[in-house]
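Colleague: got a sequence here, can you build the structure:
(chains A and B)
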Amino acid sequence: MKNNRFKLILIAVVALVSVWSIWPTYRDHELSQKLSGFRSSEDSLKFAIDHRAEIEQARDKSLKLGLDLRGGMHLVMEVDLFDLIEQKAWNKDARFQQIMASVRSVAATSGDSPVELLATEFRKQNIPLSRYFYDIRNSDREIVDKLNKESQDALVRAKEIIRNRIDQYGVAEPLIQTQGARRIIIELSGVTDETRVRKLLKGTAKLEFRLVKEHESLLRAIDTINSMAAEGQAVKAPAGSSMASAAPADSASAKVAAAPAAGRKLSDVIGVMKNGLVFTPEYAREYVASMFKREDVQARLPQDTELLIAAKPEQTEKGEKYFPIYLVKKSPELTGGVITEAKATFGTQNVQPEVNMSMNDEGTSKWARITGANIGKQIAIVLDGAVYSAPVVQSRIPNGNSVINGISSLEEAKDLEIILKAGALPAPVRILEERTVGPSLGSDYIRAGLQSLIWGFVAVAIFMIIYYNKAGVAADFALVLNILVVISVLAGFKASLSLPGIAGIVLTMGMAVDANVLIYERIREELAEGRSLKMAVDAGYSRAFSSILDSHVTTLAAAFLLSQFGVGPVQGFAVTLMIGTGASLFTAIVVTRVIFDLLVGSGFMNEKSFG
Amino acid sequence: MRLFQKTNFNFIKHRKVAYAVSLLLLLAGMVSLFVRGLNYGIDFKGGSEVVIRFAKPVDVGAVRNVIGQAGVRGSVKQYGMERAVLLSTDYHGETADLKGLITRSLSDRMPGNPGEVVSIQAVGPSIATDMKWAAMKALGAALVGILLYVGFRFEIKFATAGVLAIFHDVLTVLGLFSLLGGIFDFMPLEVDQSIIAAFLTIAGYSITDTVVVYDRIRERIRGQKPSEYERIFNESMNQTLSRTIITSGTLMISVLVLFIFAGPAIRGFAFAMFAGIVVGTYSSIFVAAPIVFDWQQRSKSAIKLRGA
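Modeller: Model prediction:
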């Protein structure tokens, strides 16, 4: 009986710890019920202030619901490390471009590290990496190591920058972590404006100050390109490319445009106004932008220049929107790295939002030199490849101030401020996977999950009682403890409960009684062979133990593998299954055993109690 | 209550029938896999799934028309929920564009019954390939792990037969998915991550069931002559039959509850689990132990089990 006392204490401790761990969840629920129950908002506010500490504590320690249950966004983003690698290369000849293109296509279907893929491809072509990267004396291995280091740094930096942006935007308890060599997983709950968040996350925020070439060069460049189109060179968009057909265009107007622009010549969608302004109409912006990026087009431009389009359209009197086109120097005079402070405000002259920026010392002195040397010329402020404004330099700017205008809304200005303050991403990022659940669907899922939990428990519990009589009651008691343990472990470790997680709990209920069934069937057999109740119980437990152990180990192993390889939703399932299986080992072997020992000893149970 | 009194089925004698049934099941599944293939969910093929919920009951055909005319290619089906439809498309670009387009065209063309996009899931092709690999790796690792564990706890014949039974179970369920995929509106039976979760759970459950039978054989075979093996195998299987059926029963209750109550996102998983439990229970009696028996007969050496 001494042994039993220890077991009883153990069970009591487990039960108490479970209840203690679940208590804040209950309290949190109760408090929020009370809060929403007040008739006037003053009352609820007063209550919230009075009980602030308690409410916050309960909320902090309560069981977290998964994104699918409370609504939110789950994003997997990829940092384009190839872009980073390209930035690092000091020689980008045709051969290099060709190799990069082929590595990119391999990487599209492979999760391997981009640097390794690149090194493999170079080795295959028998070209030393040092022809393109770092020092000519470096060995391939050294270069791979250096590039790997750069990539890792870039990933961590990208993560930190994204965290900064999210923090400044203001999302409660964001989860941001890196996965593998080039991915970042982001979980945001309760986001109302997904489009804005997505934009905020994706913007590279590469800010550049670039000299605008004199107007004649722009006109000449446009002429050259147009004549190129006239020569019938392939300045036509690939009509009906896979992306175009699969992609629904955003707005109705863009949709109308997508089709005609695709087959059209560039000269048809670039116009020159009477005042000399070169522009493209709104519907053709994307097409023209993609054409400007093409190599054969760029090859026709003057050395070290590039054609860029404005970020924001201007309007004619008739309300038609058009985007000005600029010819700018390819290499920037100054980049966003020197920006130390950014602030969204309204401009003084016109009531348009703008972002004021200040620079560090190095940037300030450079900016002063640049502006001083280019008085009377235009300097374009370029963010992520689009020209926001191109003011004419009036005088030397000694204090390192600059302004981005040409912003359409204050909200956009605020987002720009956030992005500029958090800094530029080391390489562009792309959204690979996105799962968004709205809060209304989430509450439906909660209802569905609760119903399955309740019905699952009721059905299994009743079955056990019908089939095994009093022993069934003992098994049900163990089952309750099992569920308590699972939920309390989830709450205690701050893991969140998702719908697949609930499915895991329901499944665990069906599996947890498995151990009891094994034992009870064995006890029945022993009883049938004429053994006394006590001996039968002893034999049942000891002989079934090996089967129980094997079955739990295999289930645990399967669940563990699932938690390792599975991503997102499936992980929640694997985790609850694992906790549940572990808990069931305890409840079936220890808990029901103690119950039997006590009940059989007190004569409360007899041979008939096993059904 | 007892469902099974002392049973005395001669499982070993009729094992050839069971082999034939299993082969037939597997063959049917294989043929279907080759001919019909599998319906992959977006997890494994990439693309987007959008759940749209309407204020009032809605005709799926009408929604399909509106979405089709908006230029979105894909299928529109009833989602297993009231007033909701599911759009699946291979589009994997900017989800905001997709959402905007759907919302606009629905409000333009069906103004009387506002539709709300309540969930969007989009998976890019590169991540889909990754997930496929991860799934294969997980399944492979599970099988190897189980082979090693059972081999360590029993012996290699038992382990191999157990893993064969798992193969049998998973392939049969996969075949079922191929055969029935896309037939029912309330459960499209697409193979996605949750189905892989089901496969792994089935693998764990199938070997659990098998191990219980093995355990009984191990307990009884100690010191017996090989000529007695047939009797011992049969008796062991009969003695564990009740337990095998009852635990399958309780698990089936749980899975049925999930199928009915847990909503459309879990339904495919619940179906896979249900089929897996049925096949897994069958295979631990009719496939795993008989294979061990046949193998044993051929090798003609006495079974030496660890831990016995």
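Colleague: can you name the next helix or strand after the top helix by length along chain A?
Modeller: Assignment by DSSP state H gives helix A:439-492 as the longest helix of chain A. Next helix or strand after helix A:439-492 toward the C-terminus (DSSP states H and E): strand A:496-497.
Colleague: which secondary structure elements does that next one contact?
Modeller: strand A:64-65, helix A:439-492, helix A:569-586 (3 or more C-beta pairs under 8 Å, 6 or more residues apart in numbering or on different chains; DSSP states H and E). Just so you know, the C-beta spots here come from the backbone N, C-alpha and C atoms, and that holds for glycine as well.
Colleague: can I get those in CSV including mean pLDDT, distance to residue B:222 and mean neighbour count?
Modeller: Below are the helices and strands packed on strand A:496-497 laid out as CSV (pLDDT from 0 to 100; distance: least, C-beta to C-beta, whole Å; neighbours: other C-beta atoms under 10 Å in any protein chain shown):
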stretch, mean pLDDT, distance to residue B:222, mean neighbour count
strand A:64-65, 84, 51, 20
helix A:439-492, 90, 29, 20
helix A:569-586, 88, 26, 25
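Colleague: a markdown table for those, including distance to residue A:140?
Modeller: Converted to a markdown table, the helices and strands packed on strand A:496-497 look like this (distance: least, C-beta to C-beta, whole Å):
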| stretch | distance to residue A:140 |
| --- | --- |
| strand A:64-65 | 47 |
| helix A:439-492 | 48 |
| helix A:569-586 | 38 |
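Colleague: okay, these in a markdown table with distance to chain B next?
Modeller: As requested, the helices and strands packed on strand A:496-497 are exported to a markdown table (distance: least, C-beta to the nearest C-beta, whole Å):
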| stretch | distance to chain B |
| --- | --- |
| strand A:64-65 | 15 |
| helix A:439-492 | 4 |
| helix A:569-586 | 5 |
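Colleague: which of those sits closest to residue A:105?
Modeller: helix A:569-586 (28.9 Å; C-beta to C-beta).
Colleague: just checking, what packs against that closest one?
Modeller: By 3+ C-beta pairs under 8 Å, 6+ apart, helix A:569-586 packs against helix A:439-492, strand A:496-497, helix A:499-528, helix A:533-565, helix B:193-221.
Colleague: now render these as CSV, adding distance to residue B:41.
Modeller: Compiled in CSV, the helices and strands packed on helix A:569-586 are given as follows (distance: least, C-beta to C-beta, whole Å):
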stretch, distance to residue B:41
helix A:439-492, 18
strand A:496-497, 23
helix A:499-528, 14
helix A:533-565, 17
helix B:193-221, 8
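Colleague: residue B:111 is nearest to which of those?
Modeller: helix A:439-492 (20.5 Å).
Colleague: what about that closest one, distance to the chain center?
Modeller: 32 Å (C-alpha atoms, centre = their mean, to the nearest Å).
Colleague: circling back: and residue A:106, which of the helices and strands packed on helix A:569-586 is closest to it?
Modeller: Among the helices and strands packed on helix A:569-586, helix A:533-565 sits nearest to residue A:106 (C-beta to C-beta), with 22.5 Å.
Colleague: buried residues of that closest one, list them for me.
Modeller: Buried residues in helix A:533-565, counted by 16 or more other C-beta atoms under 10 Å in any protein chain shown: A:533, A:536-541, A:543-563, A:565.
Colleague: tell me the domain ranges of chain A?
Modeller: Following automatic domain parsing, chain A resolves into domains at A:1-62, A:72-193, A:207-426, A:440-610.
Colleague: which residue of chain A lies farthest from its centroid?
Modeller: The outermost residue of chain A relative to its centre, with distances by C-alpha atoms, centre = their mean, is residue A:530 at 63.0 Å.
Colleague: what about it, distance to chain B?
Modeller: Look at residue A:530 and chain B: by C-beta to the nearest C-beta, to the nearest Å, they are 14 Å apart.
Colleague: quick one: pLDDT of that residue?
Modeller: Looking at residue A:530, its pLDDT reads 87.
Colleague: and what about it, helix, strand or coil?
Modeller: Assigned by DSSP: H, G, I helix; E, B strand; the rest coil, the conformation of residue A:530 is coil.
Colleague: pLDDT weak spots in the chain?
Modeller: Because you didn't say which chain, this covers chain A. A:1-2, A:109-111, A:229-265, A:348-350, A:567-568 (pLDDT under 70).
Colleague: correction: the question concerned chain B.
Modeller: Residues of chain B that meet the cut-off, pLDDT under 70, sit at B:305-308.
Colleague: most centrally placed residue in it?
Modeller: Centre-nearest of chain B using C-alpha atoms, centre = their mean is residue B:272, 3.4 Å out.
Colleague: so where do the helices sit in the stretch 101-250 of chain B?
Modeller: Using DSSP state H, counting those that start in this stretch, the helices found in the stretch 101-250 of chain B span residues B:125-153, B:156-180, B:193-221, B:229-261.
Colleague: tell me the most buried of those?
Modeller: By mean neighbour count, with neighbours taken as mean count of other C-beta atoms under 10 Å in any protein chain shown, helix B:193-221 ranks first of the helices of the stretch 101-250 of chain B at a mean of 26.
Colleague: helices and strands around that helix, which ones?
Modeller: helix A:499-528, helix A:533-565, helix A:569-586, helix B:125-153, helix B:156-180, helix B:229-261, helix B:264-283, helix B:289-299.
Colleague: export those to a markdown table and append columns for distance to residue A:28.
Modeller: A markdown table is the format used below for the helices and strands packed on helix B:193-221 (distance: least, C-beta to C-beta, whole Å):
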| stretch | distance to residue A:28 |
| --- | --- |
| helix A:499-528 | 18 |
| helix A:533-565 | 27 |
| helix A:569-586 | 20 |
| helix B:125-153 | 35 |
| helix B:156-180 | 40 |
| helix B:229-261 | 25 |
| helix B:264-283 | 26 |
| helix B:289-299 | 51 |
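Colleague: picking up where we left off before, mind listing what the residue farthest from the centre of chain A touches?
Modeller: By C-beta atoms under 8 Å, 6 or more residues apart in numbering or on different chains, the contact set of residue A:530 is empty.
Colleague: and it, what are its phi and psi?
Modeller: Per-residue torsions, residue A:530: phi 90, psi 20 (degrees, to the nearest 10).
Colleague: then residue B:24?
Modeller: phi -60, psi -50.
Colleague: ok, residue A:354 next?
Modeller: Dihedral angles for residue A:354 - degrees, to the nearest 10 - are phi -150, psi 170.
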